[in-house]
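Chemist: model the following, please.
(one chain, ligands or ions: 1)
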Amino acid sequence: MLDVTILTIFPRLFDSFLSFGNPARAIQAGLVKIETADLRDFTDDRHRTTDDYPYGGGTGMIMKPEPVVRAIRHIRGTKGAPKVILMTPQGRVLTQEIAEELARMERILLVCGRYEGIDERIRAFADDEISIGDYVLSGGETACMVLIDAVARLVPGVLGADSHLYGESFYNGLLEHPQYTRPADFEGMAVPPVLLEGHHEKIRRWRRKESLARTLDRRPDLVKGRVWDREELELLEELRRETRLTELETEYGHIEDDRERTVQDGPSGIQTGRHGEGPCEDS
Ligand code: ADE
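Modeler: Alright, predicted model coming up:
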């Protein structure tokens, strides 16, 4: 079971977040344990101060090291040795891969920074630093919620039995294919006929092709250096024939150029090779 402790000056912020959806379900099912720790409980002054002015001057307040380190030591003492993760825009950027890595851990302690920054010496007590993207939030709390959401849904049992099918996009490194629900015609926009025909193999192939097209269109960075399997190469060829690769013709050109290369040619360009068979091959 994954045991998460959140160190924050705003524990109440998490009340509603942890009361709904997957995080709540995961907690209720006993698959995840999530507790908050109030940073102010680790202060030693009457005002429960957690911040102070920056040395060297400047605007904004800095998170003091003593309460944070006292809290980390206390939690370590009572909870064994959690992996201490600092939420900060300077950390490694959260990806599905990092979420998977964290979902396999037993204990994590998420430290939410606040104010204009943290005292640099706090970093010496963290095992990892995670950012949720290249923008600055008012504090680590919302980042922490994003991380918990991404991680909790990966803990086995939190989603349904066929959970490996959800979010397939990121399990095989591609964006998800378009999805539709009723009505079959919405204001003149029809659902692609293949989805109404009930031919499962055709649907699987269509979805894979649309995943590829969408990824090349919106996030070509995701497939840089990808080892394409045979079916993907076929689908790319179909997309090219349908002139659906447009500006990405250049990108696709590389794919073709590299087709004669093999995996051992190294990481330059896009490589060919085999991922396995079927839609869930990488999950
Ligand atoms: N704290 C402030 N901004 C942040 C970000 N982008 N990611 C994680 N923690 C943060």
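
Chemist: quick one, helices of the stretch 101-250 of the chain?
Modeler: Under the criterion DSSP state H, counting those that start in this stretch, the stretch 101-250 of the chain carries helices at the ranges 140-152, 168-171, 200-218, 230-241, 249-257.

Chemist: name whatever forms a beta bridge with Gly117.
Modeler: Ile62 (DSSP bridges).

Chemist: tell me the domain boundaries of this structure?
Modeler: Domains of the chain are assigned by automatic domain parsing as 2-152, 164-272.

Chemist: pick the most buried one from those.
Modeler: Of the domains of the chain, the one with the most neighbours on average (mean count of other CB atoms under 10 Å) is domain 2-152, at a mean of 17. Where C-beta positions appear, they are placed from N, C-alpha and C, glycine not excepted.

Chemist: can I get the domains of the chain in a markdown table with mean pLDDT and distance to Val158?
Modeler: Shown next, in a markdown table, are the domains of the chain (pLDDT from 0 to 100; distance: least, CB to CB, whole Å):
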| stretch | mean pLDDT | distance to Val158 |
| --- | --- | --- |
| domain 2-152 | 97 | 4 |
| domain 164-272 | 81 | 11 |
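
Chemist: distance to the ligand added to the ones you listed, as TSV?
Modeler: Below are the domains of the chain laid out as TSV (distance: least, CB to the nearest ligand atom, whole Å):
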stretch	distance to the ligand
domain 2-152	3
domain 164-272	19
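
Chemist: let's have the helices of the stretch 101-250 of the chain in TSV, adding distance to Ser16.
Modeler: Formatted as TSV, the helices of the stretch 101-250 of the chain follow (distance: least, CB to CB, whole Å):
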stretch	distance to Ser16
helix 140-152	10
helix 168-171	26
helix 200-218	32
helix 230-241	42
helix 249-257	43
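
Chemist: sec struct for the closest residue to Arg153 other than its chain neighbours, please.
Modeler: Among residues not flanking Arg153 along the chain, Asn22 sits closest, at 4.9 Å (CB to CB, 6 or more residues apart in numbering). Classification of Asn22 by DSSP: H, G, I helix; E, B strand; the rest coil places it in helix.

Chemist: which residues does Asn22 contact?
Modeler: Asp149, Ala152, Arg153, Val158, Leu159 (CB atoms under 8 Å, 6 or more residues apart in numbering).

Chemist: looking at this, Gln90 is in a strand?
Modeler: Yes. The assignment for Gln90 by three-state DSSP puts it in a strand.

Chemist: leaving out chain neighbours, which residue sits closest to it?
Modeler: Glu129 (6.2 Å).

Chemist: how close does that neighbour sit to Gly139?
Modeler: 15 Å (CB to CB, to the nearest Å).

Chemist: repeat that for Val223.
Modeler: In terms of CB to CB, Val223 sits 35 Å off from Gly139.

Chemist: and if you look at Leu236?
Modeler: 44 Å.

Chemist: do Thr5 as well
Modeler: 17 Å.

Chemist: before we move on, what about Ala81?
Modeler: In terms of CB to CB, Ala81 sits 26 Å off from Gly139.

Chemist: please apply the same query to Leu31.
Modeler: 27 Å.

Chemist: likewise for Asp44?
Modeler: For Asp44 relative to Gly139 (CB to CB), the value is 22 Å.

Chemist: just checking, what packs against the helix or strand harbouring Ser16?
Modeler: Per DSSP states H and E, Ser16 falls inside helix 14-17. Applying 3 or more CB pairs under 8 Å, 6 or more residues apart in numbering; DSSP states H and E, we find helix 14-17 packed against helix 140-152.

Chemist: how about the CA coordinates for the helix it packs on, as PDB?
Modeler: Extracted C-alpha coordinates of helix 140-152, given in PDB (Å, rounded to 0.1, in the frame of the first residue of the first chain):
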ATOM      1  CA  GLY A 140       3.200  23.400  -4.000                       C
ATOM      2  CA  GLU A 141      -0.200  22.300  -2.800                       C
ATOM      3  CA  THR A 142      -2.000  22.300  -6.200                       C
ATOM      4  CA  ALA A 143       1.100  20.600  -7.800                       C
ATOM      5  CA  CYS A 144       0.900  18.000  -5.100                       C
ATOM      6  CA  MET A 145      -2.800  17.300  -5.900                       C
ATOM      7  CA  VAL A 146      -1.800  16.800  -9.600                       C
ATOM      8  CA  LEU A 147       0.900  14.400  -8.600                       C
ATOM      9  CA  ILE A 148      -1.400  12.400  -6.200                       C
ATOM     10  CA  ASP A 149      -4.100  12.200  -8.900                       C
ATOM     11  CA  ALA A 150      -1.700  10.900 -11.500                       C
ATOM     12  CA  VAL A 151      -0.100   8.400  -9.000                       C
ATOM     13  CA  ALA A 152      -3.200   7.200  -7.200                       C
END
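
Chemist: perfect, that will be all.
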